[in-house]
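Asks: predicted model follows, preceded by the sequence.
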Amino acid sequence: MEVLLITNVVIKNGEKVLLGRRTPHSKFFPNYWCIPGGKLEKNENPINSAIREIKEETGLKVKVTRLLEVSYQRYQKENCMIFLDFKAVPITSKLEPIEKLVELRWFKKREIDKIKMTQRDRKILKKYW
């Protein structure tokens, strides 16, 4: 069994939240909008992972303010992902998407139900908006 530890970060700026759209060739949920984040590296602190992933995926520097939730999801029958969802505020403002994300965009709350995203991410956003 493979267990992946994933740090995701809900970044709010006023009444908007930042989401990234995955590439059409993404291994998981191609073309879906997602809460930015990624895998914890070996011997990495989860908060440092969250900060690093956001810098890598969005170009933003952030301040993590709290842990929102820990959740578990199975994939490919025998494997699982453990998600550590954090909340953060941006310290910088220039967005620079990387190759994993084809687009970055700030969304208003009313727009979230209209976009293609996983139920897990949608649930996190609705619960912690």
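Replies: Yep, that arrived.
Asks: R122 falls within a helix, correct?
Replies: Yes - under DSSP: H, G, I helix; E, B strand; the rest coil, R122 sits within a helix.
Asks: give me the distance between it and G38.
Replies: Distance of R122 to G38, computed by C-beta to C-beta, to the nearest Å: 19 Å. C-beta: built from backbone N, CA, C; applies to glycine.
Asks: R21: which element?
Replies: strand 16-22 (DSSP states H and E).
Asks: average model confidence for the helix or strand following that strand?
Replies: Using DSSP H and E, the helix or strand that directly follows strand 16-22 along the chain is strand 33-34. Mean pLDDT, strand 33-34: 98.
Asks: next one: strand 33-34 to chain centre, how far?
Replies: 8 Å (C-alpha atoms, centre = their mean, to the nearest Å).
Asks: which residues of the chain fall in helices?
Replies: Assigned by DSSP state H, the helices in the chain fall at 46-58, 119-128.
Asks: measure the residue nearest to Y75 when sequence neighbours are not counted to E56 for me?
Replies: Closest residue to Y75 in three dimensions, ignoring its sequence neighbours and counting by C-beta to C-beta, 6 or more residues apart in numbering: M81, at 6.3 Å. With distances taken as C-beta to C-beta, M81 is found 19 Å from E56.
Asks: which ones are touching the residue nearest to Y75?
Replies: Applying C-beta atoms under 8 Å, 6 or more residues apart in numbering, we find M81 in contact with 3-6, 72-75.
Asks: so what does the strand holding R21 touch, helix or strand wise?
Replies: strand 3-13, strand 33-34, helix 46-58, strand 101-108 (3 or more C-beta pairs under 8 Å, 6 or more residues apart in numbering; DSSP states H and E).
Asks: flag every buried residue along it.
Replies: 17-22 (16 or more other C-beta atoms under 10 Å).
Asks: the longest strand in this structure is where?
Replies: Ordering each strand of the chain by length in residues (DSSP state E) puts strand 62-75 first.
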